[in-house]
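Engineer: Provided below for reference: sequence and predicted model.
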Amino acid sequence: MQRRIIILLICLAWLFVSATEASAEQSTKLIQGEGSLKHAPEFEMNGDEKPAFIVSPEEIHFGAIHPGEGVKGIILLRNEGLGELKWSAAGLSGWTIIENQDISGSLENKPKEIRIHVSFLESVSGLDLIPQGRHLYPVQFSIETGDKRFVGRKDMEAGDYRESIQLTSPSGSKTVFVDFKIDPQVREPQISVAPTRLDFGIIPSGQQFEKKIRISNLGNGILKWRIRDDAGSVMDESLMPRRGRYISFCNEDVKGRGFYIVPVGMKDSLEISGRWLEEDGFPLQTPTSGTMKFRFTGYGFSLFIWRGPDAGLMSIYVDDAILGQYECKADRKVSAEIVVAENMVDGPHTVMLTFGQGRLTIEGVRIYGPHVKTGKTGWMTVVPDSGEISKQVNFVNIRMDTKGIGPGVYTEPVCLTSNGGDSIIEVSVEINNDKLSKEIDIYRFIKGRNYLFSANPQAEAKRLHEYGYRKQGIAFRLFPKGTPGTTPFYRWYNARLGCHFYAYEGKAKMMNLSGYTMEGEIGNIATSKLTGTKELYRWYHPSKRCYFFTTDPKGEDVAKKGYKFDGIAGYVK
């Protein structure tokens with residue numbers, strides 16, 4: 001009897017091991033997917049197991065505020081870890097509370113926005129005189145998120161002020177400082193243009209491109225502005241930029257995300273080490289950041305930075321030799337151009353930046369070289385070319401038509417004149433004369449809530465058949481490798497969720513792709529709107545945690561199935 005029991009136990013153990021191995025083998029097949037594209041190692045961008053509280057920016061500099069004016073700013077909160085992160089903001093101390101709603105919330109995958117608004121409430125004529133012969137001026141400070149609002153008021157003398165907002169979470173606390181100046185002087189109209197430098201990047205010839213600028217009135221009254229045709233004879237020659245190719249380090253894909261990564265189109269020329277934060281899409285150096293290197297061809301360069309109270313020393317090396325140290329600290333945050341070198345040997349060079357303690361935002365560089373050209377008449381237009389502003393903002397499109405423009409580096413100023421001063425926008429671009437090749441047809445297949453896009457269904461026929469996918473036809477078209485203005489578009493698969501995800505590398509690094517396996521690239525996607533392209537929209541189902549991609553602006557009515565709009569994945573044909 002005892003011998004039979006032992007034999008029975010051995011048989012049960014053998015059956016358990018066999019079942020486990022079979023289950024593991026079946027799981028492996030499910031994850032890999034027979035007939036799929038070549039697999040890369042599992043792509044997991046965020047290894048943190050706990051929430052991580054990121055606040056950007058940590059300083060807001062409003063400058064002077066005059067009677068009847070208000071200034072606005074935005075603080076972005078982001079959770080760079082996993083799981084839910086609760087946060088709250090403490091109101092201002094020393095202010096009379098007008099509204100005191102709870103400013104708090106929770107963070108998961110998407111950033112949250114806190115809006116700051118400081119207003120100089122009344123004109124000078126309505127102010128009360130205090131005993132010492134000085135004036136107090138009424139100021140209102142509001143903190144808002146969603147439909148929640150904290151409002152405080154305070155009578156303040158003319159001068160500089162620095163207020164702090166305390167943000168707390170279980171993973172740590174952050175303090176955001178808000179600087180402003182109360183200036184009782186009523187101003188005349190004053191023009192403000194942002195940005196004053198535009199980098200169109202590397203683009204193909206024969207197409208049209210455009211970027212936006214903002215024109216606003218920092219003064220009072222009506223600002224009347226127009227574009228000058230005589231760009232080479234502006235009233236103030238000091239406004240004219242030095243002749244060179246401006247290159248911006250801004251990465252539009254990481255704005256408000258907390259951390260900076262090098263833009264896709266600059267991987268061959270820009271390199272960073274360490275942990276860099278971002279400020280409005282630009283690289284922000286902190287004590288955890290390492291070095292920055294960039295490569296260029298020319299005989300000199302300038303460096304654009306934002307100096308500020310928290311900045312420190314910056315050392316600049318050119319071709320492994322130190323060129324000098326620069327003190328970047330300033331009383332307030334201000335844009336600065338450092339002309340580093342203008343008389344180098346014309347050719348390839350490598351620049352390395354190292355930093356001391358502090359925080360410093362790097363905007364970009366201007367490269368000097370004999371190869372810089374000027375475009376033909378009419379290749380650049382500004383729409384509208386004139387306007388009038390009181391307190392509103394004019395959005396102006398600068399359009400570039402590269403038809404008939406040969407390859408090379410081009411730079412040209414766009415000059416504005418007004419009754420509140422003049423301003424110049426420096427426009428730079430590099431034109432590539434390569435012709436766009438035939439686009440790649442991308443077919444869509446569906447199984448349940450999973451959508452599979454493939455450029456080569458024949459190569460994946462076995463997988464598509466065995467897993468029961470249904471063909472829905474051509475969904476859109478991508479570009480071949482090497483097409484200017486495009487980057488590889490990758491496919492990932494999550495076996496547990498049974499869903500695919502699609503993104504180019506810059507976008508993917510902002511997502512938490514834990515559990516997804518990369519299945520390779522299916523073509524190249526445009527990272528900005530090229531001529532003849534359209535948006536590829538991304539939708540997300542919060543409960544099913546699956547994605548849907550379509551070129552239909554209405555999302556093919558997937559909102560009725562519980563999907564939420566989740567942004568633009570890129571631009572396709």
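Structural biologist: Nice, thanks for sending it over. Residues are numbered from 1 along each chain as shown.
Engineer: in the stretch 401-550 of the chain, which ranges drop under the pLDDT threshold?
Structural biologist: 433-437, 506-508, 510 (pLDDT under 70).
Engineer: give me that answer again for 50
Structural biologist: Low-confidence segments of the stretch 401-550 of the chain (pLDDT under 50): 436.
Engineer: how about the strands in it?
Structural biologist: 408-418, 423-432, 440-447, 450-454, 470-478, 486-494, 499-504, 517-526, 534-541, 546-550 (DSSP state E, counting those that start in this stretch).
Engineer: and for stretch 370-390, what are the contacting residues?
Structural biologist: 215-217, 221-227, 243-245, 298-299, 346, 394, 396-402, 404-405, 408-412, 414, 427 (Cβ atoms under 8 Å, 6 or more residues apart in numbering). All C-beta spots, glycine's among them, are computed from the backbone N, C-alpha and C.
Engineer: In PyMOL, how would I select the buried members of those?
Structural biologist: Command for PyMOL that selects the buried part of the contacts of stretch 370-390, burial taken from 16 or more other Cβ atoms under 10 Å:
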select buried, resi 215+217+223+224+225+227+244+245+298+299+394+396+398+400+401+402+405+409+410+411+412+414+427
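Engineer: out of the contacts of stretch 370-390, which are inside helices?
Structural biologist: Judged by DSSP state H, helices contain none of these.
Engineer: hmm, back to that, what would the strands of the stretch 401-550 of the chain look like in a markdown table with distance to R307?
Structural biologist: Listed next are those as a markdown table, based on distance: least, Cβ to Cβ, whole Å:
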| stretch | distance to R307 |
| --- | --- |
| strand 408-418 | 24 |
| strand 423-432 | 20 |
| strand 440-447 | 47 |
| strand 450-454 | 47 |
| strand 470-478 | 43 |
| strand 486-494 | 33 |
| strand 499-504 | 34 |
| strand 517-526 | 36 |
| strand 534-541 | 38 |
| strand 546-550 | 42 |
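Engineer: Report the residue ranges of every domain in this structure.
Structural biologist: 53-182, 191-432, 440-572 (automatic domain parsing).
Engineer: how distant is the shortest one from the center of its chain?
Structural biologist: Relative to its chain's centre, domain 53-182 lies at 23 Å (Cα atoms, centre = their mean, to the nearest Å).
Engineer: number of nearby residues for I60?
Structural biologist: For I60, the neighbour count with other Cβ atoms under 10 Å is 20.
Engineer: That one sits in which helix or strand?
Structural biologist: strand 59-65 (DSSP states H and E).
Engineer: Strand partners (parallel or antiparallel) of that strand?
Structural biologist: strand 172-182 (parallel) (DSSP bridges).
Engineer: Put the alpha carbons of the partner strand into PDB.
Structural biologist: Extracted C-alpha coordinates of strand 172-182, given in PDB (Å, rounded to 0.1, in the frame of the first residue of the first chain):
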ATOM      1  CA  GLY A 172       8.600  64.600  -1.600                       C
ATOM      2  CA  SER A 173       7.900  68.300  -1.600                       C
ATOM      3  CA  LYS A 174       8.700  71.000  -4.100                       C
ATOM      4  CA  THR A 175       8.700  74.800  -3.800                       C
ATOM      5  CA  VAL A 176       7.900  77.000  -6.800                       C
ATOM      6  CA  PHE A 177       9.100  80.600  -6.600                       C
ATOM      7  CA  VAL A 178       7.200  83.400  -8.500                       C
ATOM      8  CA  ASP A 179       9.000  86.700  -9.100                       C
ATOM      9  CA  PHE A 180       7.300  89.900 -10.200                       C
ATOM     10  CA  LYS A 181       7.700  93.700  -9.900                       C
ATOM     11  CA  ILE A 182       5.000  96.200  -9.000                       C
END
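Engineer: So what touches it?
Structural biologist: 53, 55, 57-65, 71, 73, 75, 116, 118, 120, 137, 139, 156-168, 332-333.
Engineer: Give the buried residues for the following helix or strand past it.
Structural biologist: Following strand 172-182 in sequence order, the next helix or strand is strand 191-194 (DSSP H and E). For strand 191-194, burial by neighbour count (16+ other Cβ under 10 Å) applies to 191-193.
Engineer: Could you single out the nearest of these to K534?
Structural biologist: Distance to K534, by Cβ to Cβ, is smallest for V193 among these, at 30.4 Å.
Engineer: pLDDT wise, what is that closest one at?
Structural biologist: V193 is assigned 93 on the pLDDT scale.
Engineer: Please name the nearest non-neighbouring residue to it.
Structural biologist: Leaving aside its sequence neighbours, V193 sits nearest to S423 (Cβ to Cβ, 6 or more residues apart in numbering; 4.3 Å).
Engineer: Quick check, the one you found in contact with P195.
Structural biologist: No. Counting by Cβ atoms under 8 Å, S423 sits too far from P195 to count as a contact (10.9 Å).
Engineer: who has more neighbours, the two?
Structural biologist: Set S423 next to P195 and count neighbours by other Cβ under 10 Å: S423 wins out with 21 against 16.
Engineer: In the sheet, which residues pair with that one? Tell me.
Structural biologist: Applying DSSP bridges, one finds that S423 bridges with L416.
Engineer: so who does it touch?
Structural biologist: 191-193, 196, 239, 415-416.
Engineer: Save those as CSV, and put in distance to N251 too.
Structural biologist: Output for those, formatted as CSV (distance: Cβ to Cβ, whole Å):
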residue, distance to N251
I191, 28
S192, 24
V193, 22
T196, 19
L239, 28
C415, 29
L416, 27
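Engineer: which one of the residues you listed is nearest G94?
Structural biologist: Of the contacts of S423, the one sitting nearest to G94 (Cβ to Cβ) turns out to be S192, at 30.8 Å.
Engineer: So the closest one sits against S216, correct?
Structural biologist: Yes. In terms of Cβ under 8 Å, S192 counts as a neighbour of S216; the distance is 4.8 Å.
Engineer: returning to what we had before: next, work out how far apart the residue nearest to V193 and F304 are.
Structural biologist: 17 Å (Cβ to Cβ, to the nearest Å).
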